[in-house]
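J.: Got a predicted structure here, sequence first:
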Amino acid sequence: MIKRVAIIGVGLIGSSLGLALGDIKEVEEVIGIDKNQDYLKEALDIGAIDRIATLEEGVRDVDLIIIATPVGIIKDLVVEILPYIRNETIITDVGSTKSTIVRELEGLVGDHIYIGGHPMTGAETSGPSGADKYLFENAIYVLTETKNTDQDSLEKLKNILERIGSQVLILSPESHDRMVAVTSHLPHLIAVNLMSVIEQFSQEDDKVTSLIAGGFRDTTRIAAGDPVMWRDIFLNNREMVLETINIFEERLASLKELILKEERESLEQTLAEIRDARIRLPMKKKGLLPSNFELIITLKDEPNAIGRVASLLGDAEINIQDIEVLKVRDEGGTIRLSFSQEEKQEKAYRLLKENNYKVIKK
Ligand SMILES: NC(=O)c1ccc[n+]([C@@H]2O[C@H](COP(=O)([O-])OP(=O)(O)OC[C@H]3O[C@@H](n4cnc5c(N)ncnc54)[C@H](O)[C@@H]3O)[C@@H](O)[C@H]2O)c1
Ligand SMILES: O=C(O)C(=O)C[C@]1(C(=O)O)C=C[C@@H](O)C=C1
């Protein structure tokens with residue numbers, strides 16, 4: 001049974017895991033280790049960890065060690081802790097890339113147990129201030145399996161991750177890296193590149209940014225992500241990322257060609273095929289994407305309008321996963337609420353209707 005957990009790196013993912021695991025009855029203690037003292041204090045204040053420890057002392061007598069630092073230093077940290085830990089302690093990490101880390105660590109850990117992990121959920125913020133105990137609810141959590149994987153430990157880890165609401169998907173490190181190159185790493189690169197284009201335009205005319213609407217916001221949110229984390233991801237999954245960039249460049253070149261040659265029909269047909277593929281994505285089913293169940297609510301322009309919605313749902317113990325202001329007008333505004341499960345969306349919908357809110361499901 002996993003009773004004591006040490007988290008190395010109490011940033012966004014580490015603290016979110018601390019909050020979620022701390023809620024499990026059998027988990028008696030969550031220990032926080034970090035090089036950043038402010039983050040450690042913050043993690044302690046929000047209840048993500050029960051106490052702060054040094055690397056050497058914190059990992060000595062725990063059942064599970066989670067390494068939640070940038071990818072580039074995971075291997076060195078594991079090497080550093082090996083002399084202090086018990087053989088049966090499970091070591092895992094949450095790094096966004098897996099092949100290199102798993103290959104290197106499996107060669108290094110000897111009789112110790114290491115299982116690679118990667119939660120397919122997150123945010124563009126860093127540190128414990130953005131931590132969310134519901135981050136893993138209904139989200140895919142990848143665990144890697146190789147011929148060296150200890151099956152009992154894999155099962156134990158899978159079990160505890162399911163207890164915090166994740167859907168565990170077991171993959172080889174290589175297929176994980178191939179898939180995330182296109183679902184996560186390429187999107188980040190595109191967001192960053194798009195952001196750099198608007199930067200160039202806004203240096204010529206600063207009014208450009210005032211024309212930003214939903215499309216730009218939706219496609220660039222992740223460009224605010226931590227540069228160290230993303231540097232490590234791109235360099236660690238270099239080959240796969242380069243392969244997806246090549247495919248992206250080819251696709252962009254053919255779209256460019258259609259526009260250049262004013263090929264109306266082909267352009268429309270290509271756009272229609274891509275739109276259909278986007279609509280077919282399993283966004284609302286349990287699948288490779290975290291579910292996203294949304295409500296759109298129109299509010300009157302009055303003080304604390306959003307606060308009242310939040311309180312109404314909070315009092316009914318319905319957790320709002322995300323809240324976004326879509327439009328603000330003189331007569332009021334529109335907000336979008338996201339929930340992690342369809343049942344929560346349904347419960348919130350009924351409650352808001354009963355309280356005479358103008359609300360639609362998405
Ligand atoms: N942010 C996301 O959306 C997301 C999602 C899934 C996985 N990940 C992965 O999770 C890991 C952590 O990302 P995050 O978003 O929580 O970043 P973060 O910056 O919020 O947290 C990283 C933490 O690691 C600590 N750290 C760095 N070097 C350290 C060292 N030598 N010793 C001890 N602590 C050290 C930092 O002080 C910080 O608290 C990364 O490997 C990232 O690839 C991130
Ligand atoms: O910001 C988010 O919403 C995320 O899900 C972050 C995200 C992603 O976009 O794929 C970023 C990197 C991680 O390794 C996993 C998740």
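T.: Looks like it arrived, so ask away. Ligands and ions are numbered 1, 2, ... in the order given.

J.: Does ligand 1 have contacts with stretch 65-76?
T.: Yes. Using CB under 6 Å from any ligand atom, stretch 65-76 reaches ligand 1 at 68, 69, 70, 71, 73. Any C-beta I mention is one placed from the backbone N, CA and C, and that applies to glycine too.

J.: and if you look at stretch 228-246?
T.: Yes. Applying CB under 6 Å from any ligand atom, one finds that stretch 228-246 is in contact with ligand 1 at 229, 233.

J.: which parts of that stretch are buried?
T.: Of all the residues in stretch 228-246, those buried under the rule 16 or more other CB atoms under 10 Å are 229, 230, 232, 233, 234, 236, 237, 240, 241, 244, 245.

J.: With pLDDT, distance to residue 314 and secondary structure as extra columns, can I get the residues you listed in JSON lines?
T.: Formatted as JSON lines, these follow (pLDDT from 0 to 100; distance: CB to CB, whole Å; DSSP: H, G, I helix; E, B strand; the rest coil):
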{"residue": "229", "pLDDT": "97", "distance to residue 314": "31", "secondary structure": "helix"}
{"residue": "230", "pLDDT": "98", "distance to residue 314": "34", "secondary structure": "helix"}
{"residue": "232", "pLDDT": "97", "distance to residue 314": "37", "secondary structure": "helix"}
{"residue": "233", "pLDDT": "98", "distance to residue 314": "35", "secondary structure": "helix"}
{"residue": "234", "pLDDT": "98", "distance to residue 314": "39", "secondary structure": "helix"}
{"residue": "236", "pLDDT": "97", "distance to residue 314": "40", "secondary structure": "helix"}
{"residue": "237", "pLDDT": "98", "distance to residue 314": "39", "secondary structure": "coil"}
{"residue": "240", "pLDDT": "98", "distance to residue 314": "42", "secondary structure": "helix"}
{"residue": "241", "pLDDT": "98", "distance to residue 314": "41", "secondary structure": "helix"}
{"residue": "244", "pLDDT": "98", "distance to residue 314": "41", "secondary structure": "helix"}
{"residue": "245", "pLDDT": "98", "distance to residue 314": "44", "secondary structure": "helix"}
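
J.: Helix, strand or coil: sort out the closest residue to ligand 1 within the stretch 51-200 of the chain for me.
T.: Among the residues of the stretch 51-200 of the chain, residue 122 lies closest to ligand 1, at 1.8 Å counting by CB to the nearest ligand atom. Under DSSP: H, G, I helix; E, B strand; the rest coil, residue 122 falls in the coil class.

J.: Please, where are all the helices along the stretch 251-362 of the chain?
T.: In the stretch 251-362 of the chain, the segments counted as helices under DSSP state H, counting those that start in this stretch are 264-280, 305-315, 342-354.

J.: Of the ones you listed, which stretch is the most buried?
T.: For those, the largest average neighbour count (mean count of other CB atoms under 10 Å) is found in helix 342-354, namely a mean of 16.

J.: ok, back up a step: closest one to ligand 2 out of the buried residues of stretch 228-246, please.
T.: Closest approach between these and ligand 2, by CB to the nearest ligand atom: residue 233, at 7.0 Å.

J.: least trustworthy helix or strand in the protein by mean pLDDT?
T.: Lowest by mean pLDDT, DSSP states H and E among the helices and strands of the chain is strand 322-329, with a mean of 76.

J.: The residue lying farthest from the centre of the chain and ligand 2: what is the separation?
T.: The outermost residue of the chain relative to its centre, with distances by CA atoms, centre = their mean, is residue 261 at 40.2 Å. Distance of residue 261 to ligand 2, given as CB to the nearest ligand atom, to the nearest Å: 35 Å.

J.: Tell me the spacing between that residue and residue 249.
T.: For residue 261, the distance to residue 249 equals 18 Å [CB to CB, to the nearest Å].

J.: For the chain, which segments count as strands?
T.: Ranges of strands in the chain, per DSSP state E, are 4-8, 29-33, 51-52, 64-67, 90-93, 113-115, 117-119, 140-144, 167-171, 293-300, 322-329, 332-339, 358-361.
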